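Q: After the sequence you'll find the predicted model.
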Amino acid sequence: MFFFVCEYFNGLTERYPELFDNDNGSPSQSQANFGKKWKSYTTIIDLANGDLQQIDKVVEEPLEKCLLFLSYKADKNFLESLMHKEAMKSIR
């Protein structure tokens, strides 16, 4: 029984090195790998507002509904960013 528990734990440490391995490399390397590793999951987390309890609800939603909502948020953020930049220009 102990052998199986150890094997299971070793499998977990290999699948989740960021939790069990303290040597994560350089910050720039970590930043570059983050988006590649988590891109789809980041979308789900964004839709769930970072709430673990909401993830199941999010993944049950139709994909088109989720993509439309995220597109809206992206356009809104872009527009707000442009408006902020213009406001900052007028202050100078």
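A: Everything's here; your move.
Q: For the helix ranked longest in the chain, name the packing helices and strands.
A: Longest helix of the chain, by residue count under DSSP state H: helix 63-91. With contacts taken as 3 or more Cβ pairs under 8 Å, 6 or more residues apart in numbering; DSSP states H and E, helix 63-91 sits against helix 27-47. Heads up, the C-betas are built off the backbone N, CA and C, glycines and all.
Q: before we move on, back to that, name the residues of the longest helix of the chain that are buried.
A: Neighbour-count burial for helix 63-91, counted by 16 or more other Cβ atoms under 10 Å, picks out Cys66.
Q: Any regions of the chain where pLDDT drops low?
A: The chain contains residues with pLDDT under 70 at 1-10, 12-13, 18-25.
Q: Spatially central residue in it, please.
A: Residue closest to the mean C-alpha point of the chain, counted by Cα atoms, centre = their mean, is Thr42 at 2.4 Å.
Q: Now do the contacts for that one.
A: Gly35 (Cβ atoms under 8 Å, 6 or more residues apart in numbering).
Q: Relative to Gly50, how far out is it?
A: 11 Å (Cβ to Cβ, to the nearest Å).
Q: Leu82 now?
A: Separation of Leu82 from Gly50 (Cβ to Cβ) stands at 26 Å.
Q: cool, Asp75 as well?
A: For Asp75 relative to Gly50 (Cβ to Cβ), the value is 21 Å.
Q: cool, Tyr72 as well?
A: Counting by Cβ to Cβ - Tyr72 and Gly50 are separated by 19 Å.
Q: give me the element Asn49 is part of.
A: For Asn49, there is no helix or strand it lies in under DSSP states H and E.
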